[in-house]
Every structure is written in structure tokens, then in C-alpha cells.
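Visitor: here you go, sequence then predicted model.
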Amino acid sequence: MPDLLLELRSEEIPARMQRKAAGDLKKLVTDALVEAGLTYEGAREYWTPRRLTLDIRGLTARSADQREERKGPRTDAPEGAIAGFLRGAGLSSISEAQVVNDSKKGDFYAAVISKPGRPAEDIIAEVMPGIIRNFPWPKSMRWGAASMPKGARFAGIDGKGPESLRWVRPLQSIVCVFGPEHDETQVIPFEIDGLTAGNITYGHRFHAPDAITVRRFDDYVTSLEKAKVMLDADRRKDVILHDARDLAFANGLDLVEDEGLLEEVSGLVEWPHVLMGEFEEDYLEIPAEIIRLTIKTNQKCFVTRPQAGGEGLSNRFILISNIEAKDGGKEIMHGNGKVVRARLSDAKHFWTRDQGDMPDLDTLEESAKKFDLDLKKPLDQRMAKLDALNVTFHAKLGTQGERVERIRALAKKLAEVTGADPTLVDRAAVLAKADLRTEAVGEFPELQGLMGRKYAMLQGEDASVAAAIEDHWKPNGPSDRLPEDKVGLTVALADKLDTLVGFWAIDEKPTGSKDPFALRRAALGAVRILLERKVRLPLISQLVHPTRFAWIHANIAEQRRLNEGAAKNNRQATVQFQQLAAQATEIGNRLRFQAAIQPDEARQISDLLSFFHDRLKVYLRDQGARHDLIDAVLTPSSDDLLLVARRVEALTAFITSEDGKNLLAGTKRAVQLLAAEEKKGTVVADGVSEELLRLDAEKALWAAVVVASKEAAEAVAKEDFRSAMEALSKLRVPVDKFFEDVLVNDEDAAIRANRLALLKAIREATATVADFSKISG
């Protein structure tokens, strides 16, 4: 069976786009061919900085013939219906149609439409121009005449011709050859914007710029290799990594590996050549993180460290060249060294200036007083400057200084829960954002937090405070580490809760795949902190604090301070808020709300709590918990996420045991019957009346329910959920006996309502642990 080779060669494609673009090309082409009736055995995509290549093996030579039988109207149908059938079927007269008899519907017309298969060459030539013209580049461009200003005379600009071709960089040639593995191949010469597909490609821009004639994929790869082009991106990565390791080792060093940088540099070269540059050792006084980012960001180079180990770096770096220089790369290394030294000189300047005094200290005294800052310390000066400049955090959420005030107030409350030293927490919260005004972070935003920690240590801050400045950003994802100690944990939690509440208050919530403010990550980070550090925190009490939603709503209304009179008038909670408060009292911590909550605030709190629940579900499922067990435990008012996780853990361990199976079977039978009767509107008594219990089985069940409820409630109060479930599992035998001996739907309405109330008592008793109706099995 024939193979297809396709190459789209252009000027340099940005490295970050190459892998996805090659995957898109493979999907678009194979989908189009399959849709046209062709099949193939396999396909693989390749890419270099200057080309996207697709190799399709075992492609059928032509599409299959198609035979379609189209049913038409009855033979006695109106002429209009018959005429429409003929047009749709492509028949010139009714004599070309067949008459088919149906014993039930009578005679009707049918047309047999035969479509002969098409050669693969025709299909490829037909689909490729559309794929290229509509290729999904994140950014694309026109070039040549098509890039001229509007009004220039070329197709597409004046609206009279097709829109000119756009590509990520100017498209220079197209290879499209098709044929069997051993016989002669043929070119499929489709044309797009003056480019005609052929069998000519080109090698390395400098080492082998001459034309290369291509026949099939194997000789294409071999020819490119001779022309200094390594087609396979993963092979380029492997060559770069191993050569870099070897070169570092030969110089008594270790390579500091970076997968993201390796992916990027493999997309910058077609023929990688590894070299080593160096800079003066004086620059090693700069923090290693700044050196690494400077060299990586500006020169796309790897740093090295001494083989002796430790966190320090060496003054050698690894660079990847796209050419084999005649002088062994001396000029390349020299040129890169000059640029690296200039960049490190700037970095050293930033590092030094950040440790000095700011020139306008007299203008910072008010801010210093507000945050209890010591203007003799450089980091304190930067925090005062951040506040004094009124740097905007978000147009609707106030300044960074106001944000720090909110985080500081919340962290003070959270310290009571986490057990952190309140003095250290306050200091860490005040300095957490200070490094945003440092020049190092201004140049490298990725270092925020980390630079704050280094500057804090230099000015003699407590180690916990310094660590918290770095850690309050953490965790930055599901695999990132958590804050080191209670101080960092407290400030990190305060920062994340303030962010979530703020953006919820201004209705900037994540939608679909869009989450521009990383709120899902913030919520997941809070969930991880609470569960992995075993923090018992009733979230609702934090979300309704006056410095949260109330402050933000006041800020939106351009009222920087809450009006005490207005707050007093709003003490009366609305019906919606009462419902929310009622939900909250169902959980172990009976919360009282001291703040006045408006209806829109109540809705936002409820919605934000639901968002936390979604992140909690994701986290627990990733830990192996069953989704039905999570749903069984989680209620709309569950705001102690650690307690929810412990319930799920206990339920997971218990439900597979014999007692668990008994509890599930007994509960489900009772609850399902009750739910069915409630749905029909059957009257259920408010409580069980012992006087209406006529049969021994229902009396025994009621007695068992009373005992089990009491034991379960006591166990739940102690947060011993397994014991609670064991107590409830004893209901299985009396429940089975009840259904054997007792007719629930008795003719006497009072007895029927009482028996349904008995089933309701079972549901209420088990609900203290979980909603067993949501558990499958």
C-alpha cells in the first residue's frame, strides 16, 4: 500500500508552537482523509524549527465505491413530492427509480445511488489547500505583497479574491509525494497562493542550503541527515541532554537540568552542537536563582554546578549552537559570554540596589506607621513604597496595600486556628508582598517570594518569617510543596482565601477552561493545606468576616470605610441568609454570624463554598476516593473540609466490610420506599408515636433506631465515624424483619403515616454519617 510524505517548510517557527502544530497537522490531515473514505495503517508527525513533516504509512490507493439506497415517496404521492425526490436523488426521470413493495405501507419509490471511489491523489490534492489555509496557529502573518497596506492591489485585500494565505512565518515550500514503498513515487502538485507542492526540500540553512530531491520518507530522513538536519525532535533533545552532561562532566561539573529549557532549545536548532561558555566568578555572589534565570531567559543556556554538590553554581554555562563552527565554536562562546556577562552585571546591580535605602524615605512614614514598619530596613522600605504608591492590585479590589491589610487581618484570625505565633504571622503578612517593589522581582517576576525570603534573611528577620514570605505563594499546583511551618501555612491560607473571596465578590469567577486569575489553583492550594496539614477550619466563618465580602462591596461602591449606621440597619438577616445559616448549623461547628450579610453576599458565599467542594472532589478522587462516597458525605453546608475528608476515609474503609454491606442494604431499602411515598405526596407523620406501633417487628425496629441513633450521635460528636456506622449497621436485622412482617401502606392513614415516620427516623439517623441513597451498589 502507498505512503504519503508531506512537508511544510517555512522560516523559523517559534519553539513553543512546534510540537502542537505538528500534532495539529497530523490530526487535520488524517481526519480529512478518513472522512473522504481512505484508511491508513499509521501516521507520525515530525518537526524542526523550519519544517512540519507528516509520514503516513499504508494509505489506501483509492476510496471505496459507495452504494446508497434512498427511500422515496409512495407511488401515489403528489407530483411535487416525486419531483423533489428525483432532484435529491439525481435522477432525470421516474423510470430510473425502483418500485419497492411494503406489505404495510404499500408501494414506494427508491433510488440506488452509486458513487465510484476516488483516487487518493485527487482526495489529497483537494483537502490539503484548505488545511493549510485554515491551519490553527495561535498567531500567524502575511508576507510579500499580501502584507502590503489595505488598498494595495492583490487578491483578498480588495475583497474580490480569496483571502491571502497566513502562516506562522513565511511558507517557502511544500513537499507532497505519494506512492508504494518500493516503486516510483509521484508528486501531488496542489497549489496554494502561488506555492505548488513538489518533491524538493532544503537542508540546513548554512551548512547545506542546496535543493534536495525527495522520493519517500526513508530517503528524505537520510538526505536531511546528510544536510545537517536532525528531523526527530525527541532525538535532538536526547543528543543535547547527553552531550551537555558529558561536556559538563569532562570539566568537573554537573549539568543543572531543565526540561522546559531542553524542550525550547531543541526547537531552536536543526543540528545541535553543545558548547561551554564562562563568566567571571565575581558574579557568583548573586543568588543562584537570579543567575539561572538570567542565563536561561536571555540566552537559552543551561547552568552548571560543581560535582561536589551543594546549591551553588559554577561560572560555566552550556549553550546550544545550530552550526558546527570552523574554529570549534570559540567565537560563539566568546559572543555568548559577553552577553551573559552584561546580563549578570544588570542582575548584580538589581541585587545590590535592593539591599540599599530608597531615596524618598520621608514620604513613606505614613505607610510605615500603618503597617508597623521599620524604615531602617530595606524590605520594610519596599513595603511602605508599595503602599504609598497605591499600586493597583485590581481595579475593583483596591490597591496592594489594601490587600495586605485584608490578608493581615485574616491571618491574625487564622493564627488562632493553626496555632502559629501571632507576632510572627503578623510580620510575615506585612512583608509578604514587599518584594514586588524590588528591582530583582521587577526583572524576574518568577522570583517573587523567593527574593523576599533572601532579603528578609539579610535584614535579620526570624527564619519562620523569611520562609513564610516565600511560602505564602505555595502550593502552586497539585505537585508543589506546602509551606514549611505554621507561620507560612497561615499566611498562605489567608492570601488564597482573600483572593478567592475578592474575585467572587466582583463576579470574576472561572468559566469553562478560562481561569485568568488562577482561582482553581488557589482553591486547590487551600484544600491541600487544610487536608495535608490537618487544619480544622470552618470556612463560612472566614468568608463572612466583615473584612472580606463587606469590605470589597464597600470598595466597589467607592466607600473605603463601612458606614456604621448602614451596617446597624442591616443587622436583620434576609430569608436567604437565614437558609444559609441554617445549613451551616447542621455541621459539627455551630456557627453564629456576627456580621450583617446582604442577599448577594449570601449567594456569593454559598457559591464560593460550592467551588471549594468541587476542588475537594478533584483532590479526593486523585487520592483514590470513590465519587459516590464523596457525594454521600458532602452536603451544601459542609465547610469543614478536613472533617469531610475524614468522613470519606472512614466510609471508604467501612463500606466494603460485612457491617458496611449490612448498613447499606438496610438503609437503602427503607430510604427508597420512603422517597417513593414522599414523591407521591403520601402524608408522613412529624414523629414516631409509640401508641400507633401495633406489630412486634415495628416496635423492635423503633427500639433499635432509638439505640442506634443515640450511639451514632455520640460517636459522631467524638468524630469516631466508624463506630457511628457500626452502631447504625445493627439496624439491618430489624429492618429486614420489619419489611417481612409489616405492611407500610396500611389502610389506616394514621398507622401508615407513623410507619413512614419510622422509616424517616432511619434516614435521619444514618444522615448523621452519610446520605446512603447516593452510594452505588
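Guide: Yes, it's here. Residues are numbered from 1 along each chain as shown.

Visitor: how close does the residue of the chain most remote from its centre sit to Tyr109?
Guide: For the chain, the residue at maximal distance from the C-alpha centroid (CA atoms, centre = their mean) is Ser95, at 61.8 Å. Look at Ser95 and Tyr109: by CB to CB, to the nearest Å, they are 11 Å apart. Every C-beta, even on glycine, is put in place using the N, C-alpha and C of the backbone.

Visitor: repeat that for Asp748.
Guide: Following CB to CB, the distance that separates Asp748 from Tyr109 is 67 Å.

Visitor: who's more crowded, the two?
Guide: Tyr109 (23 against 11; other CB atoms under 10 Å).

Visitor: now do the contacts for the closest residue to that one other than its chain neighbours.
Guide: Distance criterion CB to CB, 6 or more residues apart in numbering; nearest residue to Tyr109, sequence neighbours excluded, is Gly72 at 3.7 Å. The contact partners of Gly72, by CB atoms under 8 Å, 6 or more residues apart in numbering, come to Ile82, Phe85, Ala89, Ala97, Phe108, Tyr109, Ala110, Ala111.

Visitor: hmm, try it at 6 Å
Guide: Counting by CB atoms under 6 Å, 6 or more residues apart in numbering, Gly72 touches Phe85, Tyr109, Ala110.

Visitor: where do the strands sit along the stretch 51-200 of the chain?
Guide: Using DSSP state E, counting those that start in this stretch, the strands of the stretch 51-200 of the chain run over 51-57, 66-74, 98-102, 106-115, 171-179, 186-187, 191-192, 195-196, 200-202.

Visitor: the first one pairs with which strands?
Guide: According to DSSP bridges, strand 51-57 has the following sheet partners: strand 3-10 (antiparallel), strand 42-48 (antiparallel).

Visitor: pull out the buried residues from the helix or strand where Glu740 lies.
Guide: Assigned by DSSP states H and E, Glu740 falls within helix 732-741. Residues Arg732, Pro734, Val735, Asp736, Lys737, Phe738, Phe739 are the ones in helix 732-741 that count as buried (16 or more other CB atoms under 10 Å).

Visitor: just send those back as TSV, with distance to Ile529 and pLDDT too.
Guide: Below are the buried residues of helix 732-741 laid out as TSV (distance: CB to CB, whole Å; pLDDT from 0 to 100):
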residue	distance to Ile529	pLDDT
Arg732	40	86
Pro734	44	89
Val735	42	87
Asp736	45	87
Lys737	48	90
Phe738	46	90
Phe739	47	88
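
Visitor: with distance to Glu764 added, can I get the residues you listed in a markdown table?
Guide: As requested, the buried residues of helix 732-741 are exported to a markdown table (distance: CB to CB, whole Å):
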| residue | distance to Glu764 |
| --- | --- |
| Arg732 | 17 |
| Pro734 | 16 |
| Val735 | 14 |
| Asp736 | 20 |
| Lys737 | 20 |
| Phe738 | 16 |
| Phe739 | 19 |
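
Visitor: and of those residues, the nearest to Arg382?
Guide: For the buried residues of helix 732-741, the residue nearest Arg382 by CB to CB is Arg732; the value is 66.0 Å.

Visitor: and that closest one, what is it in contact with?
Guide: So Arg732 contacts Asn662, Gly666 (CB under 6 Å, 6+ apart).

Visitor: which residues touch stretch 432-451?
Guide: 289, 293, 350-351, 353-354, 379, 382-383, 385-386, 400, 404, 452, 469-470, 472-473, 491.

Visitor: give me the below-cutoff pLDDT ranges for the stretch 201-350 of the chain.
Guide: Under the criterion pLDDT under 70, the flagged ranges of the stretch 201-350 of the chain are 309-310.

Visitor: state the distance from Arg621 to Phe654.
Guide: Arg621 is 19 Å from Phe654, by CB to CB.

Visitor: quote the end-to-end distance of stretch 250-261.
Guide: Start-to-end span of stretch 250-261 (CA to CA, to the nearest Å) is 22 Å.

Visitor: so what touches it?
Guide: With CB under 6 Å, 6+ apart, stretch 250-261 has contacts from Ala244, Arg245, Ala248, Lys296, Phe302, Val303, Thr304, Arg305, Gln307, Ser314.

Visitor: rerun at 8 Å
Guide: 241, 244-245, 248, 276, 292, 296, 300, 302-307, 313-314, 316, 318.

Visitor: show me those that map onto strands.
Guide: Met276, Phe302, Val303, Thr304, Arg305, Pro306, Arg316, Ile318 (DSSP state E).

Visitor: show me which of those is closest to Glu365.
Guide: Of the ones in strands among the contacts of stretch 250-261, the one sitting nearest to Glu365 (CB to CB) turns out to be Val303, at 42.1 Å.
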